[in-house]
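[1] Build me a model from this:
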Amino acid sequence: MKRLSLLTLLFSILSLVFIILLILLRFRFGPYPLVSYQDVFDVLTPLVLIPVYWLLFRSSSSGPASLAEDLAFMVLAALWAQGQGLHLSANAIDNLIEGLARSHVLDIMSTDVYRLTYFFDEGLGHYLWHLGTLGLAALLVYHEWRRPAGVTTTWWAAIVAGLIYGFCFFCIFLEGQTVVLGLPFAVALVGLTLLRGRARLSQQPVLAFFFVTCLVAVVLFAGWGAYWHGFPQFSDVGLI
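    Model prediction:
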């Protein structure tokens, strides 16, 4: 049964589109020029990705989730959506403020207005969103680990999905300035899988997907950290 492995591939592709590639749409939205096309389409991000998280959650186990697991999913999904929403709105305002300053129309970047906007965008928004991201990943792995669905991992799909989402994972936590969350999680999941879960990989597609994801992310973090002697954002080194 390939459905579960294909769901991980769908999830990784949608994550690439809605979390990474939307940056290519950073130009003004004609009907309302104060926002960009990126902002407009980013409104859809939780509406697209949270249902796929739910499908993975429902499909990865041989039995129904416990009440605690259902509640955990709802809380973590709410945290994910709240953080992403804070980032979306604050980032749009942040971009507007910086654009006005660059065009010498109005420079308020030294004011509390800008500092508060930056906090909700790069601080609170990112941390809530990324905690939700890690929490949902951990819940999916735990849910499948506890009662596997008994399906065989389709390795080509798990590897392709893991490569795509591993790159997304690296970008999300690097540019979000939350490497302190993402890197330890990735290392822990890779270590746990190697120590306790190697025999499970062929029969647990979600575990296989996140194992490949985290392994790719750890390699990318290690390479980036060694090259730059730290973890500067892409924007800090002029790559975006």
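[2] Report the helix or strand with the lowest average pLDDT across the chain.
    helix 112-118 (a mean of 89; mean pLDDT, DSSP states H and E).
[3] just checking, what packs against that helix?
    Counting contacts by 3 or more C-beta pairs under 8 Å, 6 or more residues apart in numbering; DSSP states H and E, helix 112-118 packs against helix 67-102. For the C-beta atoms, the positions are set from N, CA and C on the backbone; glycine is no exception.
[4] residue contacts, residue 44?
    By C-beta atoms under 8 Å, 6 or more residues apart in numbering, the residues touching residue 44 are residue 18.
[5] Residue 104 should be in a helix, yeah?
    No - under DSSP: H, G, I helix; E, B strand; the rest coil, residue 104 sits outside any helix and is assigned coil.
[6] what's the burial count for it?
    7 (other C-beta atoms under 10 Å).
[7] Sketch out the low-pLDDT regions of this structure for me.
    Along the chain, the parts satisfying pLDDT under 70 run over 1-2, 240.
[8] So which residues of it form helices?
    Ranges of helices within the chain are 3-15, 37-42, 45-59, 67-102, 112-118, 126-146, 155-175, 179-192, 205-228, based on DSSP state H.
[9] Just the angle for the longest one relative to helix 45-59, thanks.
    If I follow you right, that is helix 67-102. Between helix 67-102 and helix 45-59, the angle comes out at 160 degrees (axes from the mean of the first three to the mean of the last three C-alpha atoms, to 10 degrees).
[10] Are there helices or strands packed against helix 67-102, and which ones?
    Here helix 67-102 touches helix 37-42, helix 45-59, helix 112-118, helix 126-146, going by 3+ C-beta pairs under 8 Å, 6+ apart.
[11] Over to the second one?
    Identification of packing neighbours for helix 37-42 by 3+ C-beta pairs under 8 Å, 6+ apart yields helix 67-102.
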